[in-house]
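J.: how would this look folded up:
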Amino acid sequence: MAGTRVTAHGEAAPADEAPPARTESRAWGRFAVFAESLLTGVWIAVASLGVVTYPAAFAAGARHLRRSIAHEGGGLREFVADFRSALRGGWLAGLTGWVAVAAVWVDVQAARAGI
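T.: Alright, predicted model coming up:
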């Protein structure tokens with residue numbers, strides 16, 4: 001039996017033939033997406049600890065979830081690589097967002113003071 005392999009049911013199959021695809025239930029697939037979303041949320045929260053890095057963290061998280069749903073692999077290393085590439089220009093967007101928040105806060109304080 002040099003060119004055969006034994007299947008899970010004890011049947012002989014040619015060695016070059018791919019094993020049958022694993023079928024998953026719909027509930028398991030939905031749970032897997034939910035669990036991946038939770039894990040990605042934790043990664044985004046940790047990556048957003050640097051206050052100006054939140055746009056890059058969200059971009060890396062979105063790319064990771066898109067890759068995960070398409071079954072193209074992924075993991076922490078890919079998330080970190082995506083985060084680093086998004087961080088190159090994303091920190092400026094994060095800084096701009098905080099400047100806008102500060103400007104609105106000053107405007108509200110001026111309006112409250114009657115200026």
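
J.: Helices along this protein, start to end?
T.: For the chain, the helices defined by DSSP state H cover 26-47, 54-69, 76-113.

J.: Please produce JSON lines containing the ones you listed, extended by mean neighbour count and mean pLDDT.
T.: C-beta coordinates here come from the backbone N, C-alpha and C atoms, glycine included. Shown next, in JSON lines, are the helices of the chain (neighbours: other Cβ atoms under 10 Å; pLDDT from 0 to 100):
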{"stretch": "helix 26-47", "mean neighbour count": "13", "mean pLDDT": "88"}
{"stretch": "helix 54-69", "mean neighbour count": "20", "mean pLDDT": "90"}
{"stretch": "helix 76-113", "mean neighbour count": "13", "mean pLDDT": "89"}
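
J.: Quick check: Val51 vs Thr40, distance?
T.: Separation of Val51 from Thr40 (Cβ to Cβ, to the nearest Å) stands at 20 Å.

J.: Same check on Ala81?
T.: To Thr40, Ala81 is 14 Å away according to Cβ to Cβ.

J.: and stretch 43-63, how far from the chain's centre?
T.: Its chain's C-alpha centre and that of stretch 43-63 lie 10 Å apart, by Cα atoms, centre = their mean, to the nearest Å.

J.: now do stretch 45-64
T.: Centroid separation between stretch 45-64 and its chain, computed with Cα atoms, centre = their mean, is 10 Å.

J.: Between its first and last residues, how far does it reach?
T.: 14 Å (Cα to Cα, to the nearest Å).

J.: what residues does it touch?
T.: 40-41, 43-44, 74, 78-80, 82-83, 86-87, 90-91, 93-95, 97-98 (Cβ atoms under 8 Å, 6 or more residues apart in numbering).
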